[in-house]
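[1] Here's a sequence, model it:
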Amino acid sequence: MNMPALTPETMTAEQRRETWFHRELAGYFSADNIDYRQNYDYGPELLELLASRFRVIEMILGAEEVAPHLFAMLHGPDVEGTNWREAFETYDPVLTPHWSGTKLIDNAGIYGLYGVLPAEVPFDARKAWIDALAQQLDQFRQLANPEPQGVIARIINLALSRHAIDTGAGEVDLQSLALFGGVTEGRIRNILSSGDGGLEKVGQRVTAVSAAAWLKGRKEFFASIWQQPDEAAPEAPSPDFSGEVVFVPVAADGSHFHPGLARGGKFMIGAKGEEVSYPSFNEALAALQKMATPRWRRPNEAGNWGIVSGRDWKRIERRQLMSM
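    Here you go, the predicted model:
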């Protein structure tokens, strides 16, 4: 299946919805990107949540007495077997979304990851629908108590974090912010430690307002578009800069110097045998700008750190630069 390229600024609401179901759940994605993708197949975890409750009911009321009733509860077109245990061996709630819990998590996925709502939600009811979704997800998390590091918890956190960003109230967890911005959670922690990215930390989270400002500089972020009609054409990003502009050196391979190149908390600047370490990005950049031929260390595709030379200069917004 040919899926649209993941370019947030050009994808329509329908394309985003299809991406959730066909790419995140069904697994139709390029093998070239498999190492960089999160697993959002929540089916096995949802079945285990239900199975754990069924086992408790059996222990309390008697397995033989409740067996036909538990099996009858598993409505759907592809339920096979003579009891719930046999049914769980073949049933996939992700591919046959007939349960309320499945629909709830799917709704959380398309909203949390892609900033859109199900097509059947009326335009004038979207704000209320999202508020209700946030309440339902919070209640589900408290009652079902999914694995904190599991898939379901990750999807719920994404939806609740986006709700905080969309409303401008509350906080965003670090894992969700990293997933939104297309970086590692470690990179988020480095940005927080440096204080250069404008993120405001509250415990182990960041404020929704500062997260929203930081994400504006991330081309990987699918900004919410549920506020506009589905038929509205995507708007191309503005070519003009709106914030402070910084000039950074660009190597022959097209890569440029950025805050993510710190190694052990330091930037290595200079030619081989003449390198000087700098504790901050601004100091390292100032040194590069004074050099006739700027040189710095950065990892190659194999992860090996080597020195590259600047061939050109690129201007980029500081806000975007500090998010790298």
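
[2] Mind telling me what element the residue nearest in space to the middle of the chain is part of?
    By CA atoms, centre = their mean, the mean C-alpha position of the chain lies nearest to Leu179, the distance being 2.5 Å. Remark: Leu179 resides in helix 174-181, with elements defined by DSSP states H and E.

[3] outside of that helix, which residues touch it?
    If you take CB atoms under 8 Å, 6 or more residues apart in numbering as the criterion, helix 174-181 is touched by 38, 112-113, 154, 157-158, 161-162, 184-185, 187-189, 199, 204-206, 211, 214-215, 218, 220-222, 323. Backbone N, C-alpha and C define where each C-beta goes, glycine included.

[4] Check which helix or strand Arg311 maps to.
    Going by DSSP H and E, Arg311 is part of strand 305-317.

[5] Run through the strands of the stretch 151-300 of the chain in chain order.
    171-173, 201-202, 205-207, 245-251, 267-269, 276-278, 295-299 (DSSP state E, counting those that start in this stretch).

[6] Throw the ones you listed into CSV and include mean neighbour count and distance to Gln227, thanks.
    Below are the strands of the stretch 151-300 of the chain laid out as CSV (neighbours: other CB atoms under 10 Å; distance: least, CB to CB, whole Å):
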stretch, mean neighbour count, distance to Gln227
strand 171-173, 24, 19
strand 201-202, 14, 26
strand 205-207, 21, 21
strand 245-251, 17, 29
strand 267-269, 23, 40
strand 276-278, 16, 43
strand 295-299, 19, 39
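
[7] worst average pLDDT in the ones you listed?
    For those, mean pLDDT drops lowest on strand 245-251, to a mean of 85.

[8] and that one, what other elements does it pack with?
    helix 281-290, strand 305-317, helix 318-321 (3 or more CB pairs under 8 Å, 6 or more residues apart in numbering; DSSP states H and E).

[9] Nearest to Asp138 among those would be which one?
    helix 318-321 (31.1 Å; CB to CB).

[10] element containing Tyr111, please.
    Going by DSSP H and E, Tyr111 is in helix 100-114.

[11] what sits up against that helix?
    Under CB under 8 Å, 6+ apart, the answer for helix 100-114 is 16-17, 19-21, 24-25, 40, 42, 46, 93-94, 97, 116-118, 130, 133, 136-137, 140, 144, 152, 155-163, 176, 179, 222, 226.

[12] Buried subset of those residues as a ChimeraX selection?
    Selection command for ChimeraX covering only the buried members of the contacts of helix 100-114, criterion 16 or more other CB atoms under 10 Å:
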select :16,17,19,20,21,24,25,40,42,46,93,94,97,116,117,130,133,136,137,140,144,152,155,156,157,158,159,160,161,162,163,176,179,222,226
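
[13] What about the contacts of helix 100-114, which are in helices?
    16-17, 46, 130, 133, 136-137, 140, 144, 152, 155-163, 176, 179 (DSSP state H).

[14] Nice, that's everything, thank you.
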